[in-house]
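Q: dropping a prediction and its sequence here:
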Protein chains: 4
Amino acid sequence: MEEFSAGSALSALAERPGEGGITKEQLLLSGLTHSVPNAPLQITKQTNVTPGLRYRNLGKSGLRVSNIGLGTWPTFSPNVTEEQAEQIIVLAVESGINVFDLSEAHSGTRAEVELGRILARRGWKRTCYIVTTKIYWSTRSEERGLSRKHIIESVKASLVRLQLSYIDVVIVHKADPMCPMEEVVRAMHYVISQGWVMYWGTARWSPVEVMEAYTNCRQFNCVTPIVEQTEYHMFCREKTELYMPELYNKIGVGLMAWSPISMGLSQGKEEGSMQLFSRSSFRNKYSSFSWTEDETAAANKDGYGWMKERIQPEETRRQSERIRELNAVAEKLGCSLSQLAIAWCLKNESVQCLLLGASTVVQLYDSIQSLQLVPKLNTNMVAEIERILENKPSRPPMVSTLALR
Amino acid sequence: MEEFSAGSALSALAERPGEGGITKEQLLLSGLTHSVPNAPLQITKQTNVTPGLRYRNLGKSGLRVSNIGLGTWPTFSPNVTEEQAEQIIVLAVESGINVFDLSEAHSGTRAEVELGRILARRGWKRTCYIVTTKIYWSTRSEERGLSRKHIIESVKASLVRLQLSYIDVVIVHKADPMCPMEEVVRAMHYVISQGWVMYWGTARWSPVEVMEAYTNCRQFNCVTPIVEQTEYHMFCREKTELYMPELYNKIGVGLMAWSPISMGLSQGKEEGSMQLFSRSSFRNKYSSFSWTEDETAAANKDGYGWMKERIQPEETRRQSERIRELNAVAEKLGCSLSQLAIAWCLKNESVQCLLLGASTVVQLYDSIQSLQLVPKLNTNMVAEIERILENKPSRPPMVSTLALR
Amino acid sequence: MEEFSAGSALSALAERPGEGGITKEQLLLSGLTHSVPNAPLQITKQTNVTPGLRYRNLGKSGLRVSNIGLGTWPTFSPNVTEEQAEQIIVLAVESGINVFDLSEAHSGTRAEVELGRILARRGWKRTCYIVTTKIYWSTRSEERGLSRKHIIESVKASLVRLQLSYIDVVIVHKADPMCPMEEVVRAMHYVISQGWVMYWGTARWSPVEVMEAYTNCRQFNCVTPIVEQTEYHMFCREKTELYMPELYNKIGVGLMAWSPISMGLSQGKEEGSMQLFSRSSFRNKYSSFSWTEDETAAANKDGYGWMKERIQPEETRRQSERIRELNAVAEKLGCSLSQLAIAWCLKNESVQCLLLGASTVVQLYDSIQSLQLVPKLNTNMVAEIERILENKPSRPPMVSTLALR
Amino acid sequence: MEEFSAGSALSALAERPGEGGITKEQLLLSGLTHSVPNAPLQITKQTNVTPGLRYRNLGKSGLRVSNIGLGTWPTFSPNVTEEQAEQIIVLAVESGINVFDLSEAHSGTRAEVELGRILARRGWKRTCYIVTTKIYWSTRSEERGLSRKHIIESVKASLVRLQLSYIDVVIVHKADPMCPMEEVVRAMHYVISQGWVMYWGTARWSPVEVMEAYTNCRQFNCVTPIVEQTEYHMFCREKTELYMPELYNKIGVGLMAWSPISMGLSQGKEEGSMQLFSRSSFRNKYSSFSWTEDETAAANKDGYGWMKERIQPEETRRQSERIRELNAVAEKLGCSLSQLAIAWCLKNESVQCLLLGASTVVQLYDSIQSLQLVPKLNTNMVAEIERILENKPSRPPMVSTLALR
């Protein structure tokens, strides 16, 4: 896969000199970069190119995305001011990130409204950034099933909130077994043919559901989806590592990944990460983490209450052991455990865009530095991590019934 | 078929507190609920969920409709004031009904104008309700045959009258043997692809005509119809019970039903219902009741004059006997005959949405209570009713011409 | 073919009482109806239904056209005032005619501008009339070949001139051998899918060209043409009688016909008609009369100068004889030769709409009366006319080359 | 291929008498026509038809283009004033040229802005001229790869700059191996179906890439490209002469050609032409000259610095010899070497439109005169030139691997 280095994006953006947000230099000088147990990487030589940032085609489409994107979920959360959020967005743009992923999960529709305001205020060229947003639905009320009506109404509402004339990628969050796939692909084709949307993708769909969408697109001459958004991290590997490459090769559907760690949900507390990882390991293979309204509503009640979920004592012990060993690896590399976890995801070629989340500028800055770790994850290092994780996924062998005779 | 309980729809609608129409409590307190011979059901425990109200996918589409909808024909009739009509609409919405079905039959285009005004005044979220309206045509004048011109002109005119930017479902009322099916499906696809309409369906089409439409959609890559509207009641069963399930299973066309009783055309007078039923039993198998302009124009001349139509004496006697026995069943269940008739329709799984009509708030309220009767229609009760009706439809056996040799 | 009688169209139009144009009664009273050698038919009993006026589906489309339409070419000619033109249009509408056919041939774009103004001024319901206009092109200049560019620009310009939001039928005048048929059908489909046009048709295309268009429509899933406009009269019969029925039966393309006589080009001078007929008999089989700009430009130079074209003496003598005999038939029927010629065209079932032209109200009125002649053209009468004409077309026998061996 | 002579275009344009730019007569009188070594052709008899100007269908489309078009690259270059540029455009229009080709290569987006202003100011009928512009992308930054997003954003931006409601032909400049062809053809179909563009074509695509685009169009029922823009001159012949005729015959893709000479890049200095030719002969077979931003950026640094590129001494000597001989041919024909080179291109039937460039009125005028040279290039003359060039391209013989056994 051909890649393109950043740099000219920045100059393209330098339309309004003197108006840009904080620079990395300012950040370093301001002392904002604190020291945590495993001190995060610091770029020594400042250039206007973020080391390790690359642009890749998303799926087999022509759309070029930065290998890291900004997942705005934590950014537009209630405890981040609009000013702080804007600074995070500015840092992302100045670092060469061109993907902004929106999610209703925590912030509801506020994320779209605020991002729209920031984009309008900054006046960046529309050609320079990519906005991805989602269509949510739930089984809770009659108005929210996936349907032509819901898809069209959702997209129109998002456009209004974002103050944009089109969204780059609209992601359908979960497949609805009650809605025929033909209706979904025709509705997505409709919003694209109206000029409201450029591309479409899916999130939390099974590989078979993605294939079904593709088949329906081919049958009805509709535009095919280009991306599946999925959770991916050290303890949630099966879908990304076993099934997504096949989808990419056969039907050109790419991968945009996020994880509790890359989204900053552990908020720097290594203990949090650990529990997050621990819990993850017991969930189903396609998506271990939930950000549907249903579940997050419950989670919101007592903060990250679900983290306190009872875990088997024996598994807890082994998981703690693994976290300790991973911490040792991170220390050896001179980075934090979060940075290691992010770099480990980026190492996977199938991940065309890893979503980073941040509720502070510093957090995003630290996460971005993970890009520089990737080259250090050589064969030995990767093997070492596999040894610790003991969870390299593999497909079960095909059992021939003939063999049983 | 998965179903969804109501409730959140109400909270979604609770955007303008203090503005809602009358509540069920107010209704009960106001003494508006009168007592009729067979006193209608009263809900004892008031919650904001209407017992028995469910949401179902209409046909195999993703569109979720309440299992009862409001047929606005009697609501926007000349002897109902606009204020009364609004109260009926409000009760429907607050009961969780999300379907408003419009018909030109009696009220002409006034229904669309008035419903449009009410929707605009109330400011309900567009996502919360579903408007279905119809395309009528007649053989009377040159301007009204079914044609691309007529379909597009009708839809545009409806949008203007309704003050909406799109209609949820447009129903083509009767197939026109003179208009090629390709033209009809292309025109329906056109109004959908213009964003003026979300879905389309048919009314009073034969199963073969629906199949022909479906075939043409497949041939020309057009959006398929999702619903056939048909008359259904104890004395008009054949099409609904014998043919619609096959259409649902094979091509996903669902069923929206109405009957003279559920539409409140008998207006509480059991005598009226009886005559209605009696007359119905002599009509053709697909639709016994007529609401084309042609026939209703004649009917309007002397009110429900056609009810006085001569019926064979012997049949009249047996029909009276059946009505008497059904009344006895209703009494046993503690409901009115109308409520029994409605519940009996709702019992049929094929009926995804039964249209209720009402010219008063009380009438609608009484009809809605029928939802609670459905569970009481157990096997024994159903068998009892079948014994009374003596008209369970069955397909004639296939006669092989080979056997005749 | 089912037909529908006029009448309700008139009442539908009676939206602005007191505003209508002249009525047939007024016409009779005013003494406008003059007497010519063969006095035109007078309707004795005045009703608001024009006797013999029928509505038919155009081709196998759903569009219902009156069996006579108004060809506005002579109406919007330089020597007719705008007021006179409006009176002609009003008479047409009040007679139940719902088709207005526009042509650039003589009046250029003025016809569209004037008709647009009259339609706007009268405020007739858009659903009540059908406007057909044409796309012309010529080999004279580089800007006029048939092309996507030309088609789209022409339709847009017509809409502006007509002050309409859509044209009912756009007719492509002549096929362009230099423009691929795929481009033509895609462009026609485009203007239809934009909502600018309802249907499309052709004029002066050979049957093979119409079939080619149909084939391309099927190949690229485009809307098929519904009508071919062609010249048809006693001395130009081959295309209409031999080839058009096949196109109707196989691909649903109907027939809208015009002739020099029905268009009033002979202007009541029987001598003119005769010459017109005479000349026509020598032209090619598909279209004997020319109304391309090229030829009419030449014709305009010296009025109907082309009528003076040299005709073989012997043929002239026989043609004169035929005209004399036809005049005798007309006299027997109590009508003018023009009326006989019009009725003879209307007698042909394949002609779904015969275009009448008129530069005066009286002329149109006289032509409309021809409708009442049709039933009088019984088998004997038709046989008599065939005997006079001696030109009943027949397809040459298929010659098998095998037989020649 | 049928052709149409110019003339009526001029009269069609003569809408604003007295406003036209300079005429050819004025030009001659003003003494602007200088004498250069080989004095350019002078038309002796002035008519309002440019001798030799013809209109041809571009590819197998219905779009009729003049056989010479104006490549505006040199016209809107920094050293030409807006007034001068307008005079050049006016001369082109008055000469019957109806094609204006825009390119970002040198002038960036300024060309579109200025041409838009001139077209608006002059008020020429939109039907009379054809604007072709390009979609550029580069591998330099993340925002510019070919993609649905980039295509749509580019077209919209061009429309704004040009102040037009549609562009006649949009040319995709270079194929992007990273962007699936399906995405490109669907995006081009989209901009056409939006009414923003009439036709599309390609520039600098290989024949296989053009075939791939065509195949995808057929597969997804999209509008096919009608033209490939390519470089063509005496020393760059292979693609045009060997491969383009096949594309024309098989899939109807026509040819619009340009060359450094016809674009006036040599600016009258024969020495420059020579070097241009010389250099060209060493480049690859599909396109010897580069006008991508990448390369022109470099070229701009020191003017036409790349001309100074080292050329093999032996080849330089032979090339100089050829130029000398061609000059002798030009002298024999009474024209300049540039005019000979242009006429030689026009002689090729495959070239439906040869783009001329000019930074002065005189230069354009001289180039247009080349049209009159074409008939003089008879068989002998052509053979003579082939003898000088020694580079008639031929396909390598098919080598059968069977023969090697």
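A: Happy to help now that I have it. Numbering: from 1, shown residues only, chains lettered A, B, ... in the order given.
Q: CA atoms only: put the longest helix along chain A into CSV for me.
A: Using DSSP state H to define each element, chain A has its longest helix at helix A:313-333. Taking C-alpha atoms only, helix A:313-333 is exported to CSV below (Å, rounded to 0.1, in the frame of the first residue of the first chain):
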residue,chain,number,x,y,z
PRO,A,313,-10.1,-14.1,40.8
GLU,A,314,-7.8,-16.5,39.0
GLU,A,315,-8.2,-14.5,35.7
THR,A,316,-7.7,-11.2,37.6
ARG,A,317,-4.4,-12.4,38.9
ARG,A,318,-3.1,-13.5,35.5
GLN,A,319,-4.3,-10.3,33.9
SER,A,320,-2.5,-8.3,36.5
GLU,A,321,0.6,-10.2,35.8
ARG,A,322,0.3,-9.5,32.1
ILE,A,323,-0.2,-5.8,32.7
ARG,A,324,2.9,-5.7,34.9
GLU,A,325,5.0,-7.4,32.2
LEU,A,326,3.7,-5.0,29.5
ASN,A,327,4.6,-2.1,31.8
ALA,A,328,8.1,-3.5,31.9
VAL,A,329,8.2,-3.6,28.0
ALA,A,330,7.0,0.0,27.9
GLU,A,331,9.7,1.1,30.4
LYS,A,332,12.3,-0.6,28.3
LEU,A,333,11.0,1.4,25.2
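Q: other SSEs contacting it?
A: The criterion is 3 or more CB pairs under 8 Å, 6 or more residues apart in numbering or on different chains; DSSP states H and E, and the helices and strands that helix A:313-333 contacts are helix A:270-280, helix A:337-347, helix A:379-389. All C-beta atoms are positioned from the backbone trio N, CA, C, and that covers glycine.
Q: got the contact list for the closest residue to chain C within the stretch 201-350 of chain A?
A: Across the stretch 201-350 of chain A, no residue is closer to chain C than A:Asn221, which sits at 8.8 Å (CB to the nearest CB). Counting by CB atoms under 8 Å, 6 or more residues apart in numbering or on different chains, A:Asn221 makes contact with B:221, D:220-221.
Q: so of those, which ones are in strands?
A: Filtering these for membership in strands, criterion DSSP state E, returns an empty set.
Q: nearest to B:Glu386 among the residues you listed?
A: Checking the contacts of A:Asn221 against B:Glu386 with CB to CB, the nearest one is B:Asn221 at 44.1 Å.
Q: what does the pLDDT read for the closest one?
A: Among the per-residue scores, B:Asn221 shows a pLDDT of 97.
Q: ok, A:Glu386 - how many residues close by?
A: 12 (other CB atoms under 10 Å in any protein chain shown).
Q: what sits closest to it if chain neighbours are left out?
A: If the residues on either side of it in the chain are set aside, A:Glu386 comes closest to A:Lys392, at 5.5 Å by CB to CB, 6 or more residues apart in numbering or on different chains.
Q: double-check A:Ala343 against A:Gln369; I have them as touching.
A: No - with contact defined as CB atoms under 8 Å, A:Ala343 and A:Gln369 do not form a contacting pair (9.3 Å).
Q: three-state assignment of the residue of chain A found nearest chain D?
A: Nearest to chain D, among the residues of chain A, is A:Gly62, at 3.0 Å (CB to the nearest CB). Using DSSP: H, G, I helix; E, B strand; the rest coil, the three-state assignment for A:Gly62 comes out as coil.
Q: next, give phi and psi for it.
A: The phi and psi torsions at A:Gly62 (degrees, to the nearest 10) take the values phi -90, psi 0.
Q: ok so, going back, would you single out the least confident of the helices and strands packed on helix A:313-333?
A: Lowest mean pLDDT of the helices and strands packed on helix A:313-333: helix A:270-280, a mean of 49.
Q: lowest-confidence helix or strand of chain A?
A: Per-element confidence for chain A was summarised using mean pLDDT, DSSP states H and E. The lowest value among helices and strands belongs to helix A:8-13, with a mean of 38.
Q: picking up where we left off before, touching both of A:Ala343 and A:Gln369, which residues are there?
A: A:Cys335.
Q: the two: who's more crowded?
A: Set side by side, A:Ala343 and A:Gln369 show unequal neighbour counts under other CB under 10 Å, the larger going to A:Ala343 at 26 against 22.
Q: confidence score at A:Met1?
A: In this prediction, A:Met1 carries a pLDDT score of 41.
Q: per-residue pLDDT of A:Thr296, please?
A: Predicted confidence (pLDDT) for A:Thr296: 41.
Q: also A:Gly18?
A: For A:Gly18, the model assigns a pLDDT of 37.
Q: so what's A:Arg110 up against?
A: By CB under 8 Å, 6+ apart, the residues touching A:Arg110 are A:Phe76.
Q: who's in contact with A:Ser350?
A: Contact analysis of A:Ser350 by CB under 8 Å, 6+ apart lists A:240-241, A:244-245, A:248, A:255.
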